[in-house]
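In: I'll drop the sequence and a predicted model, then ask my questions.
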Amino acid sequence: MRLTQQQVDEYHANGFLLMESLLDGDEVRQLTEAFRRDCDVPGPHRVTEDGGSQVRAVYASHRRQPEYADLVRDPRILPAVRQLLPEDVYVYQFKINAKPAFGGDKWAWHQDYLAWRIADGLPAPLQVNIGVFLDDVTEFNGPVIFLPGSHRDGLVHRERKADAKSAQHLDPDDISLTPEQLAALVDRHGMTSPKGPAGSVVFFSPEIVHGSAPNMSPWARRLLIATYNACSNPPRPQGEPRPDYVVCRDTAPLTPLEHRFSAALGMVTS
Ligand code: HL5
Ligand code: SIN
Ligand code: MN
């Protein structure tokens, strides 16, 4: 699949691009089934909600579940990523934010690249994120909210808070924008939240300001986020590198699969 020039331009203008129903229902079922399996794997890559046992995020599922290993090379996804970032790329980070029904907490307003610059010494914002909807995303279940065009301002915030919310990863709480910064940006850019059926994919910039509200609905909002980084731009950590579940070590360039991930697994969908 190739993006049209209009889609590429839209991504660069707004900092995100939504492709509705890129994956079909059978594929979504395969991915959610793989997530259920992966949630049972204990370890520090599994982050729970504050004070509870509900899963907040799971990292590096693509290293444990073949569906995800193939998904990041899917011919509908990887070539599109390379149109948006015309470089050899590898997966820098892979996570699934679970946002469980009745209690998935907020993700504070932030820019991803600030996290990776501070925590990993990532030299440049040469990344593309993909957000794969594992559930229908509506106004009710805590959709990601973007400030369209805010990626063009570069980093608007520089600091990390003294106390970390989590020892397992850098939670956006630690680098969240101040209310004043957010209000000024919203004045200029407004807000929008891409919504759509499970199987939709949103491509988004590492510099776009984004966040999401708690989920008080009866519907989970599981969102898979894979971050591709240019192979020419590996992290240069100042001290001890972060664990490999949060910052992937394999920087070899990815090549697209010939068939969609579901076919590659021998479960051909129509
Ligand atoms: N949790 C990520 C990390 O690298 C950073 C956040 O949305 C990405 C800000 O630890
Ligand atoms: C994030 O930016 O990592 C969190 C966004 C979300 O899951 O709502
Ligand atoms: Mn983010």
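Out: Noted; the coordinates are in hand. Residues are numbered from 1 along each chain as shown. Ligands and ions are numbered 1, 2, ... in the order given.
In: which strands and helices sit next to the helix or strand encompassing Leu31?
Out: Taking DSSP states H and E as the criterion, Leu31 maps to helix 25-39. Applying 3 or more Cβ pairs under 8 Å, 6 or more residues apart in numbering; DSSP states H and E, one finds that helix 25-39 contacts strand 55-59, helix 66-71, helix 261-264. Glycine gets a C-beta too; all of them are placed from N, C-alpha and C.
In: out of the ones you listed, which is closest to ligand 2?
Out: When the helices and strands packed on helix 25-39 are compared by Cβ to the nearest ligand atom, strand 55-59 sits nearest ligand 2, at 7.7 Å.
In: surely Phe204 touches Asn129?
Out: Yes. In this structure, Phe204 is within contact of Asn129 by Cβ atoms under 8 Å, at 4.9 Å.
In: which of these two has more neighbours?
Out: A direct count of neighbours by other Cβ atoms under 10 Å for Phe204 and Asn129 places Phe204 higher, at 26 against 20.
In: chain neighbours aside, what residue packs nearest to that one?
Out: Distance criterion Cβ to Cβ, 6 or more residues apart in numbering; nearest residue to Phe204, sequence neighbours excluded, is Phe16 at 4.0 Å.
In: list phi and psi for the one you found.
Out: phi -160, psi 160 (degrees, to the nearest 10).
In: show me where the stretch 51-200 of the chain has helices.
Out: Taking DSSP state H, counting those that start in this stretch to define them, one finds helices in the stretch 51-200 of the chain at 66-71, 78-84, 112-120, 179-189.
In: avg pLDDT for the third one?
Out: Averaged across helix 112-120, pLDDT comes to 98.
In: CA atoms of that helix as CSV?
Out: This file holds the C-alpha atoms of helix 112-120, laid out as CSV (Å, rounded to 0.1, in the frame of the first residue of the first chain):
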residue,chain,number,x,y,z
ASP,A,112,7.1,11.7,23.1
TYR,A,113,10.4,12.9,21.8
LEU,A,114,11.1,14.8,25.0
ALA,A,115,10.8,11.5,26.9
TRP,A,116,13.3,9.7,24.5
ARG,A,117,15.7,12.6,24.5
ILE,A,118,15.9,12.8,28.2
ALA,A,119,15.8,9.1,29.0
ASP,A,120,17.7,7.6,26.1
